[in-house]
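Visitor: Based on what follows, work out the 3D shape:
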Amino acid sequence: ITFQTQQVGVVCFWMFLDVYVYVMHVCSRARLVDGEPILIITFQTQQVNCTRNQKGEVVDGSPDSIVEMYYVWAMARHFSEDIAEPPTWKLHEMAIQHARPLLA
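Guide: Residues are numbered from 1 along each chain as shown. From the prediction side, this is the model:
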């Protein structure tokens with residue numbers, strides 16, 4: 001995944017090498033958004049994070065370092081105004097619980 005950030009003149013490169021150990025929970029408490037339940041998804045990734053400036057110099061992360069990331073996503077159901085379209089899940093909130101170098 002590559003994101004261009006023109007405002008600050010950097011390119012962020014995130015390569016997901018593996019996604020594993022995901023767990024899905026429906027909130028045990030009645031947390032609702034617009035009358036719909038929130039679905040909580042937790043997962044881990046192994047990824048490479050590297051940000052370069054316009055000259056191609058690394059300004060954050062490393063193209064050679066693998067990082068293990070622990071994510072939590074809260075997903076909410078979204079209904080289209082067109083009743084013929086099935087409901088979809090949209091990302092409501094996202095957090096990174098923990099990040100650590102995989103190989104030191």
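
Visitor: contacts and neighbour counts: CA atoms only from here.
Guide: OK.

Visitor: can you tell me how far Ala76 sits from Asn53?
Guide: 36 Å (C-alpha to C-alpha, to the nearest Å).

Visitor: Looking only at neighbour counts, state which of the two leads.
Guide: Remark: of Ala76 and Asn53, Ala76 carries more neighbours, 21 against 15, as counted by other C-alpha atoms under 10 Å.

Visitor: shouldn't the more buried one be in contact with Glu36?
Guide: Yes. Contact criterion C-alpha atoms under 8 Å: Ala76 and Glu36 qualify, at 6.9 Å.

Visitor: For the chain, which segments count as strands?
Guide: 2-5, 10-26, 32-33, 36-53, 58-61, 67-78, 88-101 (DSSP state E).

Visitor: want to try TSV for the ones you listed, with mean pLDDT as columns?
Guide: Listed next are the strands of the chain as TSV, based on pLDDT from 0 to 100:
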stretch	mean pLDDT
strand 2-5	50
strand 10-26	64
strand 32-33	70
strand 36-53	83
strand 58-61	86
strand 67-78	86
strand 88-101	87
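
Visitor: OK, contacts around Ala74?
Guide: Counting by C-alpha atoms under 8 Å, 6 or more residues apart in numbering, Ala74 touches Ile38, Leu39, Ile40, Ile41, Leu91, His92, Glu93, Met94.
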